[in-house]
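Visitor: no sequence on this one, just coordinates:
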């Protein structure tokens, strides 16, 4: 709950919400992610009066907070490696990515990507990450990942999405990604960044790919106050299906495994 700075657990069997967990005072919450083990949730907190952000771990068994981990300015997203060893925090306020060793809470040196990073996705094999930059014409910036994040290497932008960058999703086989932004969505090949097919026009805010890798779901909105919804797109042919109309603007999409 962004403005209340609380996290609310929900029993997925009954749909009943539990008591809200207060995270921080005089702060906002921008993102939450759960470790692959399901034991810990990590919450990105943006203090209103500090030039840095904090990641707060929550022990989900006891619903207690662990000590906060200081990261860069305005953390907006957190991505965890498939093996659960490292979290990467996207710091949009200072153009950096902050790696954190989750076993110890150790913060590694920040990776400078520049611009205004807004989202990051890691390939299923954990060998690479791709960062969306909201300023540099929606650039997609690759990072070669290592078992030791000190050795991670930030590469040159490989691709771009038209308009302000919003989100990226990587296919289950790691060979392709869908990038979306303010005026279009594109399917790109990884690691080259070459575009596959034609750009789909629209104002897109979110993206997810089905577990079988066949379909992308694109959240869209009409900036003139028109329709909002989700557009299914077949990746093999870049053909769109009938849009699923929603009542409000979608900001995130998650698919059950």
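Guide: Thanks, I have it. Owing to the predicted nature of the structure, the values given are computational and were not obtained by experimental measurement.
Visitor: The nearest residue to residue 94 once chain neighbours are set aside: which element?
Guide: Nearest residue to residue 94, sequence neighbours excluded (C-beta to C-beta, 6 or more residues apart in numbering): residue 73, at 4.4 Å. (Glycine included, C-beta is placed from N, CA and C.) Residue 73 belongs to no helix or strand when assigned by DSSP states H and E.
Visitor: May I have the phi/psi pair for residue 73?
Guide: phi -70, psi 140 (degrees, to the nearest 10).
Visitor: so it touches residue 93, yeah?
Guide: Yes - the criterion here is C-beta atoms under 8 Å, and residue 73 meets it with residue 93 at 2.9 Å.
Visitor: Now do the shared contacts for these two.
Guide: Shared contacts of residue 73 and residue 93, defined by C-beta atoms under 8 Å, 6 or more residues apart in numbering, comprise 51, 53.
Visitor: Low-confidence regions, this protein specifically.
Guide: Across the chain, the ranges flagged by pLDDT under 70 are 135-138, 162-163, 223-225.
Visitor: Tell me how many other residues crowd residue 71.
Guide: 27 (other C-beta atoms under 10 Å).
Visitor: Please report how far it lies from residue 187.
Guide: Per C-beta to C-beta, to the nearest Å, residue 71 is found 31 Å from residue 187.
Visitor: Show me where the stretch 151-257 of the chain has its strands.
Guide: Counting by DSSP state E, counting those that start in this stretch, the stretch 151-257 of the chain has strands at residues 153-154, 159-160, 165-170, 176-181, 184-189, 195-201, 204-209, 215-221, 228-234, 239-240, 244-246.
Visitor: For residue 128, which of those strands is the nearest?
Guide: strand 165-170 (9.1 Å; C-beta to C-beta).
Visitor: From the contact counts, what lies against the closest one?
Guide: strand 117-122, strand 128-133, strand 139-144, strand 176-181, strand 204-209 (3 or more C-beta pairs under 8 Å, 6 or more residues apart in numbering; DSSP states H and E).
Visitor: would you turn the ones you listed into CSV with distance to residue 56?
Guide: Formatted as CSV, these follow (distance: least, C-beta to C-beta, whole Å):
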stretch, distance to residue 56
strand 117-122, 19
strand 128-133, 22
strand 139-144, 24
strand 176-181, 29
strand 204-209, 24
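Visitor: Now render those as TSV, adding mean neighbour count.
Guide: Listed next are those as TSV, based on neighbours: other C-beta atoms under 10 Å:
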stretch	mean neighbour count
strand 117-122	23
strand 128-133	25
strand 139-144	21
strand 176-181	26
strand 204-209	22
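Visitor: who wins for proximity to residue 233 among those strands?
Guide: Using C-beta to C-beta, the helices and strands packed on strand 165-170 put strand 176-181 closest to residue 233, at 7.8 Å.
Visitor: returning to that earlier point: single out the most deeply packed of the strands of the stretch 151-257 of the chain.
Guide: strand 176-181 (a mean of 26; mean count of other C-beta atoms under 10 Å).
Visitor: ok, that one: who's next to it in the sheet?
Guide: According to DSSP bridges, strand 176-181 has the following sheet partners: strand 165-170 (antiparallel), strand 184-189 (antiparallel).
Visitor: The residue positioned nearest the centre of the chain and residue 14: what is the separation?
Guide: Nearest residue to the geometric centre of the chain (C-alpha atoms, centre = their mean): residue 119, 4.4 Å. Between residue 119 and residue 14 the distance is 32 Å, computed by C-beta to C-beta.
Visitor: cool, and residue 87?
Guide: Residue 87 is 30 Å from residue 14, by C-beta to C-beta.
Visitor: what's the answer for residue 146, then?
Guide: 43 Å.
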